[in-house]
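Colleague: Any chance you could fold what I've pasted below:
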Amino acid sequence: MFGTGAAGILKAKIPPEAGDVGQGSATEPLRTSGSFSIPLSLRSSRDEPLPNKKCDKQPSTEGNLKVSFSVECSNEVMCCAYNENGSLLAAGLVEGSIQVISAETGRVLYSLTDDDISGAFLPCTSLKFKPHAERDRSDNLLLATYASGAVKLWHVSSGQCLHTIHEPRQTLTSAFQPGGGIFITAGSDDIISVYDTATKTVLRNCQPSMSRDIMDGHRCRVFSIKFHPKQPNEYISGGWDDTVQFWDIRQEHATRRIFGPHICGDSLDIDRYHNHILTGSWRKEENLQIWDYESGHNIKTVQQDITNSLLYCAQWLGKDRIIVGGCDANMVRVLDRGTLQTTGRLMDLPRGVYCMDNTRQGTTPRFVIGSSRSLYFLQIVQS
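Modeller: Below is the predicted model:
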């Protein structure tokens, strides 16, 4: 049985009737699931996801994977992110609040919420710490997006919201340019907004052409965006329309695309060492794939595991490994990059794995995953 770290308790504001939306409201009706509610449009456009398998077992590990400790949050965890030095982990919850946790002890250090968030009572959908620059007056500035359309920049240690942008959509994902001078957001429409971090103004809206005959952008909601780690003007995006689009922040339309991946979570990643793209798709077949960034060619479709998941998240873990997580099997897999074989598993989780992040430090970074109300802090055991 895993050890449990200290957890902070946030008082969530519970609406009188979950899912009761007044006439003329712009807020999407909520679907109640257990103790929490999430908007219908945060689910896949395909058939309803297979129900999470319920079991009375405690989570357990196989192979070279070890749980350092776990933290129980006050509500369902929807997204998470490490800061640059790996000392802090921010976790976004289903009712919109954010808990900032010590990555060493599991103690909740800060809780981030305001009247705007508690009034909307909608999920925090993505978190990104701003890359530190010499001109910055303070460390640990946190960008957060919400299903309400809010985009907020938080000063973590003071708990102060420094700026709020209200986008006319559900904002589902975000990313900082390397260096932090620009950030981008995307969500329930086909527009990717490019912002100047200093002024918080829109520099450009990246979007498809008016013609439906040209696929130079998305035609449906976007769930993941990633800047290239070495080419700071370039980024990729993926969503429900089964494409990965390649963009340049200086151009309105996508420059090229990959067809195939069905992205329903933060399941795009770019490898800084070999210039490869990793895609995790919410489907049973061909759900984990590796692509060459420059050509867009498929390098490998990873063979299915015997306990295959519909993937919500996928990341490169250092030079040598891949980590993935999803629903149905409710598990996390660690794969060897060379053999593409599973070397470790975290199994029997209470619900699907909706988020993960790693420290990106050293040859074997530490990483964390979120399932239900729990965060599991994990490490690879060297043989």
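Colleague: so how far is residue 320 from residue 363?
Modeller: Counting by Cβ to Cβ, to the nearest Å, the separation of residue 363 from residue 320 is 7 Å. The C-beta positions use only the backbone N, C-alpha and C, and glycine is treated the same way.
Colleague: Mind listing what's buried along stretch 217-228?
Modeller: Within stretch 217-228, the residues scored as buried using 16 or more other Cβ atoms under 10 Å are 217, 218, 221, 222, 223, 224, 225, 226, 227, 228.
Colleague: any idea how far residue 233 lies from residue 277?
Modeller: With distances taken as Cβ to Cβ, residue 233 is found 17 Å from residue 277.
Colleague: okay, the two: which has more neighbours?
Modeller: Under the criterion of other Cβ atoms under 10 Å, the comparison of residue 233 against residue 277 puts residue 277 first, with 25 against 14.
Colleague: State the pLDDT value of that one.
Modeller: On the pLDDT scale, residue 277 is placed at 98.
Colleague: That one belongs to a strand?
Modeller: Yes - secondary structure of residue 277 (DSSP: H, G, I helix; E, B strand; the rest coil): part of a strand.
Colleague: how long is stretch 111-122 end to end?
Modeller: Its first and final residues considered, stretch 111-122 spans 16 Å by Cα to Cα, to the nearest Å.
Colleague: Same question for stretch 284-300.
Modeller: Span of stretch 284-300 from end to end, Cα to Cα: 16 Å.
Colleague: now do the same end-to-end measure for stretch 57-73.
Modeller: Start-to-end, stretch 57-73 (Cα to Cα) is 20 Å.
Colleague: Give me the distance from it to the chain's centre.
Modeller: In terms of Cα atoms, centre = their mean, to the nearest Å, the centre of stretch 57-73 is found 20 Å from the chain centre.
Colleague: what mean pLDDT does that stretch have?
Modeller: Across stretch 57-73, pLDDT averages out at 94.
Colleague: can you check stretch 191-209 too?
Modeller: Mean pLDDT, computed over stretch 191-209, is 97.
Colleague: For the spatially most central residue of the chain, which residues are in contact?
Modeller: Nearest to the mean C-alpha position of the chain, by Cα atoms, centre = their mean, lies residue 266 at 3.8 Å. By Cβ atoms under 8 Å, 6 or more residues apart in numbering, the contact set of residue 266 is 79, 126, 173, 223, 224, 312, 313, 355, 356.
Colleague: Please say which of residue 363 and residue 320 ends up with more neighbours.
Modeller: For residue 363 and residue 320, the more surrounded residue by other Cβ under 10 Å is residue 320, and the numbers stand at 15 against 11.
Colleague: give me every residue that touches the more buried one.
Modeller: With contact taken as Cβ under 8 Å, 6+ apart, residue 320 is in contact with 336, 337, 338, 363, 364.
Colleague: Model confidence at the fourth one, what's the number?
Modeller: It refers to residue 363. On pLDDT, residue 363 comes in at 87.
Colleague: so what pLDDT did the closest residue in space to it that isn't next to it in sequence get?
Modeller: Once flanking residues are discounted, residue 363 sits nearest to residue 318: 5.4 Å by Cβ to Cβ, 6 or more residues apart in numbering. As predicted, residue 318 sits at a pLDDT of 95.
Colleague: could we number from 172 for the rest of this?
Modeller: With 172 as the first residue, the last one maps to residue 489.
Colleague: my guess is residue 489 contacts residue 535, does it?
Modeller: Yes - using Cβ atoms under 8 Å, residue 489 is in contact with residue 535, at 5.8 Å.
Colleague: Tell me how far the residue nearest to residue 534 lies from residue 228.
Modeller: From residue 489 to residue 228 the distance is 30 Å (Cβ to Cβ).
Colleague: who has more neighbours, the two?
Modeller: Neighbour totals were compared for residue 489 and residue 228, and residue 489 leads with 19 against 9 (other Cβ under 10 Å).
Colleague: Could you tell me which residues make contact with that one?
Modeller: Neighbour list for residue 489: 529, 531, 533, 534, 535, 536 [criterion: Cβ under 8 Å, 6+ apart].
Colleague: One more: residue 487?
Modeller: Counting by Cβ under 8 Å, 6+ apart, residue 487 touches 440, 441, 442, 449, 493, 508.
Colleague: ok, now which ones touch the first one?
Modeller: Shown here is residue 440, whose contacts under the criterion Cβ under 8 Å, 6+ apart are 397, 448, 449, 485, 486, 487.
Colleague: Show the backbone phi and psi for it.
Modeller: Note on residue 440: backbone dihedrals following degrees, to the nearest 10 are phi -150, psi 150.
Colleague: just for the stretch 222-371 of the chain, where's the confidence low?
Modeller: For the stretch 222-371 of the chain, residues meeting the criterion pLDDT under 70 lie at 222-227.
Colleague: ranges for the helices of it?
Modeller: Using DSSP state H, counting those that start in this stretch, the helices of the stretch 222-371 of the chain run over 286-291.
Colleague: Strands of that one, residue ranges please.
Modeller: Counting by DSSP state E, counting those that start in this stretch, the stretch 222-371 of the chain has strands at residues 231-234, 236-243, 248-253, 259-264, 269-273, 279-283, 295-300, 312-317, 321-326, 331-337, 342-347, 353-358, 363-367.
Colleague: Tell me the buried residues in the longest one?
Modeller: Think strand 236-243. Buried, per 16+ other Cβ under 10 Å, within strand 236-243: 236, 238, 239, 240, 241, 242, 243.
Colleague: mind listing what it pairs with, with the direction of each?
Modeller: When pairs are called by DSSP bridges, strand 236-243 turns out to pair with strand 175-176 (parallel), strand 545-551 (antiparallel).
Colleague: same question, the first one
Modeller: Its sheet considered, strand 231-234 pairs with strand 513-518 (antiparallel) by DSSP bridges.
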